[in-house]
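> no sequence on this one, just coordinates:
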DNA sequence: GCTAGCACTCAAAGGAGGAGAGTGCTAAAT
DNA sequence: ATTTAGCACTCTCCTCCTTTGAGTGCTAGC
């Protein structure tokens, strides 16, 4: 659709704005492009590119700046053809080489590393709980009124929930319920638990009430989105960029960052496609995000996608570096999780 | 040391600056104070107060603004004599009335509430693990190479750590080690575990190596400060205040907020005194905090201090509201934890 | 189709001037 | 010995104006 020369010019404008943050004019463009073409010719091309919606001028006597559509073109044009530098690869591999770290720590550090390497805010979503299977279930008496249910899954996750007792339940009953539940539930997927135990069986023994409550408690854990934790890192980087202009916008965004609910919804929606996604400015459905860009990609254990890692930064972020970084970290994280699991 | 009139004037200047954020001059001061005294007289007093270091002028024809010392005087003068409004008390009590929430959720919400009520950033430190006693210990086989150790404490905390196996260990050995450890450790305080098992006994059975590793793993959990988690809320509020001036300072501070290590050290140091502490501007030892004020107070379970809650905001925060809010929330949290425990 | 030349526009930076707030000092009043 | 009125002075903030320079679009000629 765009002839060769227009492509070169457009890419140069985007590249310039990403690196310098300042509009560029026809003269500098003519020099740096070295196409044997005069500024006047470039002005004609720029004017056409503006007409097509790829560029705009902040004001009439400023240079050109990419629109979101311009970034989109740029990103599409470099798809696949970007490479990570060796030193960055090494930094990433180093972080992941220490394998004895537990999952949550690993994810938090992934988030920190990602934000540092890309100078953006990073979001890492923990593996989804639903797909885990249960290894062991504990019922521990905390007080006369409360029992703590603890479930341990095959991926090493541990979740807990207090259960309030009604009436007298003695230590023997609790043990009995625990033994029953373990017998029935071990090896089952967390999302099939509710079906795993028939009502009729439950009637049969003394601590049935407690066992029922425990099963409901597992349902509660699954239904609370909270339990799909988001690890946020590097929010400071967002401040560094916009400096003075969009203060209010950043405030809104950071507000959302504190409610994990919002982030989860957004990322789930974005990642239906199951591959790396770039959402630039207005392409984001959520209004408060439309001044920013999002780069997100899933990660997997074995063949199964379990979570996502992503990055939020200004629309003028350095896509050519950010995209391969996000990609490589996701792949490395997947490989590490594979190894940890078995 | 300050005569009555100077006190009144100083307090009025501080109060004005806290509420309006703008320097105040002798004229408005004369009107609002209503002491039957002319602006000229007040000017003399202001000049003396400035000489004593309580006030300063941003520039020669601006009004007066408190120094950190001025705030200090103000805070000392209102100590004890501030009350929380009934509606705020009610909001706090409402949050804590829903008792079935688990500890971590409760602390996170405490942090959010605190930041919302005071328009500052809030920091809540989880109860210290050392003082917990052990209720139950699980060893769960995750893969051929790893066993996950999970400890459940009397306060309902659950901590985990993967243990790497060396050589063959079969399921029976793991069970044996778990049974042994539970027998020996249940009811013991986490910080006395290392002494609880004699070297000599360990030699006696097959899975001794695993048991030893488990005990070391507990030591690791305790020594990693990370496990004393900090719940941070409302960092956005810091941005709202300084708007344009101290951007760099805020960036530094937020950077530190992401390393929990820094926060923990600071709060530990501050709270040796075991009572509510206000550190204003330069009174803070950490340089990046010297443009802000900190209000921190311990909370307890029973008679024992277990953690701290605190607030970081601009030096011109509304101490008369913030202090009683922090205080009341700490007391309410303590009471709630008491009830949960027994 | 390209380019040189030119008039034009507009943001940014700098300066001049006035308004207003607030001060410190002095001398008189209490 | 305090207090106060009066006054000159200082300095920020705002507005208005000018200049500068970057960058454009258009036109006419190559």
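Cool, the structure landed. Everything numeric here is computed off the predicted structure, so don't read it as measured data.
> how about residues contacting stretch A:254-267?
Residues outside stretch A:254-267 that contact it (Cβ atoms under 8 Å, 6 or more residues apart in numbering or on different chains): A:121, A:123, A:125, A:225-226, A:228-230, A:232, A:235, A:238, A:285-286, A:288-289, A:294, A:296, A:308, A:310, B:112, B:233-236, B:239. For glycine as for every other residue, the C-beta is placed from the backbone atoms N, C-alpha and C.
> filter those residues down to the buried ones and hand me the ChimeraX line.
ChimeraX command restricting the contacts of stretch A:254-267 to the buried ones, with burial defined by 16 or more other Cβ atoms under 10 Å in any protein chain shown:
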select /A:121,123,125,228,229,230,232,235,238,286,288,289,294,296,308,310 /B:112,233,234,235,236,239
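> what about the helix or strand hosting residue A:151 and chain B, touching?
Remark: residue A:151 resides in strand A:146-153, with elements defined by DSSP states H and E. Yes - Strand A:146-153 is in contact with chain B by Cβ under 8 Å from any Cβ of the partner chain, via A:146, A:148, A:150, A:152.
> I'd like those as TSV, with pLDDT and distance to DNA strand C appended.
Compiled in TSV, the residues of strand A:146-153 next to chain B are given as follows (pLDDT from 0 to 100; distance: Cβ to the nearest atom of the strand, whole Å):
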residue	pLDDT	distance to DNA strand C
A:146	86	59
A:148	91	60
A:150	93	59
A:152	91	59
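> in ChimeraX, how would I select the buried members of those?
In ChimeraX syntax, the buried subset of the residues of strand A:146-153 next to chain B is picked out as below (16+ other Cβ under 10 Å):
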select /A:146,148,150,152
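> so can I have CSV of the residues of strand A:146-153 next to chain B showing distance to residue B:178?
Converted to CSV, these look like this (distance: Cβ to Cβ, whole Å):
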residue, distance to residue B:178
A:146, 24
A:148, 18
A:150, 14
A:152, 12
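> out of the residues of strand A:146-153 next to chain B, who's nearest residue A:78?
When the residues of strand A:146-153 next to chain B are ranked by distance to residue A:78 (Cβ to Cβ), residue A:152 comes first, at 44.5 Å.
> ok and the helix or strand following the strand holding residue A:151 relative to strand A:146-153, angle-wise?
Next along the chain after strand A:146-153, taking DSSP H and E as the criterion, comes strand A:158-164. Going by axes from the mean of the first three to the mean of the last three Cα atoms, to 10 degrees, strand A:158-164 is angled at 160 degrees with respect to strand A:146-153.
> tell me what strand A:158-164 is packed against?
Contacts defined by 3 or more Cβ pairs under 8 Å, 6 or more residues apart in numbering or on different chains; DSSP states H and E place strand A:158-164 against strand A:146-153, helix A:208-223, strand B:146-153, strand B:158-164.
> run through who's touching the second one.
If I follow you right, that is helix A:208-223. So helix A:208-223 is contacted by A:129-130, A:137, A:139, A:147, A:149, A:151, A:159, A:161, A:163, A:165-166, A:169, A:173-174, A:177, A:180-181, A:190-191, A:193-194, A:197, A:202, A:227 (Cβ under 8 Å, 6+ apart).
> and for residue A:314, nearest residue in space, chain neighbours not counted?
Spatial nearest neighbour of residue A:314, excluding adjacent residues (Cβ to Cβ, 6 or more residues apart in numbering or on different chains): residue A:241 at 4.5 Å.
> next, count neighbours for that neighbour.
18 (other Cβ atoms under 10 Å in any protein chain shown).
> how near is it to residue A:123?
Going from residue A:241 to residue A:123 by Cβ to Cβ, to the nearest Å gives 17 Å.
> with residue A:295 instead?
10 Å.
> not counting its neighbours along the chain, what's nearest residue A:331?
Nearest in space to residue A:331, with sequence neighbours left out and distances taken as Cβ to Cβ, 6+ apart, is residue A:299 at 7.8 Å.
> residue A:309 is in contact with that neighbour, correct?
Yes - with contact defined as Cβ atoms under 8 Å, residue A:299 reaches residue A:309; the gap is 6.1 Å.
> what is in contact with the two at once?
With contacts defined as Cβ under 8 Å, 6+ apart, the residues shared by residue A:299 and residue A:309 are A:330, A:333.
> how much space between residue A:277 and DNA strand C?
34 Å (Cβ to the nearest atom of the strand, to the nearest Å).
> pretty sure that residue sits against residue A:297.
Yes - between residue A:277 and residue A:297 there is a contact at 7.0 Å, judged by Cβ under 8 Å.
> let me see the backbone angles for residue A:145.
Backbone geometry at residue A:145, expressed as degrees, to the nearest 10, gives phi -100, psi -30.
> just to be sure, residue A:69 is in a helix?
Yes - per DSSP: H, G, I helix; E, B strand; the rest coil, residue A:69 lies within a helix segment.
> so how far is DNA strand C from it?
For residue A:69 relative to DNA strand C (Cβ to the nearest atom of the strand), the value is 23 Å.
> okay, that residue: pLDDT?
Residue A:69 carries a pLDDT value of 98.
> and the pLDDT at the closest residue in space to it that isn't next to it in sequence?
Among residues not flanking residue A:69 along the chain, residue A:53 sits closest, at 5.0 Å (Cβ to Cβ, 6+ apart). On pLDDT, residue A:53 comes in at 96.
> torsion angles phi and psi at residue A:53?
Main-chain torsions, residue A:53, degrees, to the nearest 10: phi 90, psi 10.
> state the number of residues packed around it.
With neighbours defined by other Cβ under 10 Å, the count for residue A:53 comes to 12.
> and residue A:37, by the same measure?
Residues lying near residue A:37 (other Cβ under 10 Å) number 17.
> give the contact list for the closest residue to it other than its chain neighbours.
Closest residue to residue A:37 apart from its sequence neighbours, by Cβ to Cβ, 6+ apart: residue A:30 at 6.4 Å. With contact taken as Cβ under 8 Å, 6+ apart, residue A:30 is in contact with A:37, A:38, A:39, A:42.
> mind putting the residues you listed into TSV with pLDDT?
Listed next are the contacts of residue A:30 as TSV, based on pLDDT from 0 to 100:
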residue	pLDDT
A:37	94
A:38	94
A:39	95
A:42	97
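> of those residues, which is the most crowded?
Highest neighbour count within the contacts of residue A:30: residue A:42, with 22 neighbours (other Cβ under 10 Å).
> give me every residue that touches it.
Residue A:42 sits next to A:9, A:26, A:29, A:30, A:33 when contact means Cβ under 8 Å, 6+ apart.
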